[in-house]
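Enquirer: Mind folding the following:
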Amino acid sequence: MTLSRDAGFEPLSRPSTPELIAERLREAITRGRLAPGQQLGEASLATQFEVSRGPLREAMQRLVAEGLLRSERNRGIFVVELTDDDVRDVYQARKTIERAAVTEVLRGDPGAAAARLRPPVEAMRVAASRRDGAAAADADQEFHEVLVDCAGSPRLDRAMRTLLSETRILLGELEEAYPDLREQVTEHVLLRKAIGAGDEAVAIRLIEEHMDDAVRRLLALRARPGSTGDVVPDSPGDP
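Expert: Model (predicted):
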């Protein structure tokens, strides 16, 4: 008799409360509604979500593990602040993952991958025509998520999901760094074409140039006069 047989488990019909809270907090962080460095007050959030502190704490610990929140002993939980070094590290890690993904994709069916990448490119094109930076950022993220998914590697997928959460925070900054969103569209169109053509050398070069360009733009934006740079003041919160 196996240990799991006739254990009386009921089918899962909906996500758990901590999972739902984590999803809403994650969205608020990546959309900028919770600012970098902001302290999360348990009492206030528990009241807003109409839950006890137990599931709220579990949800926040999930986001600490994902790197979106940080826990400071005797101080509380804060939204993560991505420093210039973090920016470089995030995009370096993404380069490594996406280069590996491209190699795996081109060993399989590059035509099928190119077909899957068409919708996010078109979504990005529409967003650019409307000058909708948030929608362009969403489509940008979807493009790279689909690219890695096409590699068929669960481990690459897991690593990419964490990095994309951090990237989504940075994409809010990048909206200001791209005065013409059509530049983003062109970069992704060329990458999709290289993948569809099975040209590994060009695809990898474009991935590297795309990531390096994002880092340059972000750091240049942060270096502008009046920019807060790496320092973001904490917002008051519940103890």
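
Enquirer: Only C-alpha atoms from now on, for both contacts and neighbour counts.
Expert: Noted.

Enquirer: I'd like the next helix or strand past the helix-or-strand element of the chain with minimal mean pLDDT.
Expert: Ranked by mean pLDDT, DSSP states H and E, the weakest helix or strand in the chain is helix 154-177, scoring a mean of 83. Moving toward the C-terminus from helix 154-177, the next helix or strand (DSSP states H and E) is helix 182-196.

Enquirer: Centre of the chain to stretch 36-52, how far?
Expert: 22 Å (CA atoms, centre = their mean, to the nearest Å).

Enquirer: for it, which positions count as buried?
Expert: 36-40, 42, 45-46 (16 or more other CA atoms under 10 Å).

Enquirer: Which members of those residues occur in strands, if any?
Expert: Using DSSP state E, the members of these that fall within strands are 39-40.

Enquirer: Export the buried residues of stretch 36-52 as CSV, with columns for pLDDT and distance to residue 20.
Expert: Below are the buried residues of stretch 36-52 laid out as CSV (pLDDT from 0 to 100; distance: CA to CA, whole Å):
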residue, pLDDT, distance to residue 20
36, 85, 21
37, 90, 23
38, 92, 21
39, 94, 20
40, 94, 17
42, 91, 16
45, 92, 13
46, 91, 13
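
Enquirer: any chance of the buried residues of stretch 36-52 in CSV, with distance to residue 139 too?
Expert: Output for these, formatted as CSV (distance: CA to CA, whole Å):
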residue, distance to residue 139
36, 23
37, 26
38, 27
39, 29
40, 29
42, 33
45, 30
46, 32
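
Enquirer: Hmm, residue 77 is touching residue 45, no?
Expert: No - if you go by CA atoms under 8 Å, residue 77 and residue 45 don't touch, sitting 11.9 Å apart.

Enquirer: Please report how far residue 29 lies from residue 80.
Expert: Taking CA to CA, to the nearest Å as the measure, residue 29 falls 9 Å from residue 80.

Enquirer: so what sits against both of those two?
Expert: 36, 68 (CA atoms under 8 Å, 6 or more residues apart in numbering).

Enquirer: could you point out where the protein is predicted with low confidence?
Expert: By pLDDT under 70, the low-scoring segments of the chain are 1-15, 226-239.

Enquirer: After the helix or strand in which residue 85 is found, heading C-terminal, what element do we hit next?
Expert: Counting by DSSP H and E, the element that carries residue 85 is helix 84-107. Downstream of helix 84-107, the first helix or strand assigned by DSSP H and E is helix 110-129.

Enquirer: Could you tell me the angle between that next one and helix 182-196?
Expert: Here helix 110-129 points in a direction 170 degrees away from that of helix 182-196 (axes from the mean of the first three to the mean of the last three CA atoms, to 10 degrees).

Enquirer: what about the helix holding residue 85, distance to the chain center?
Expert: Worked out by CA atoms, centre = their mean, helix 84-107 lies 13 Å from the chain centre.
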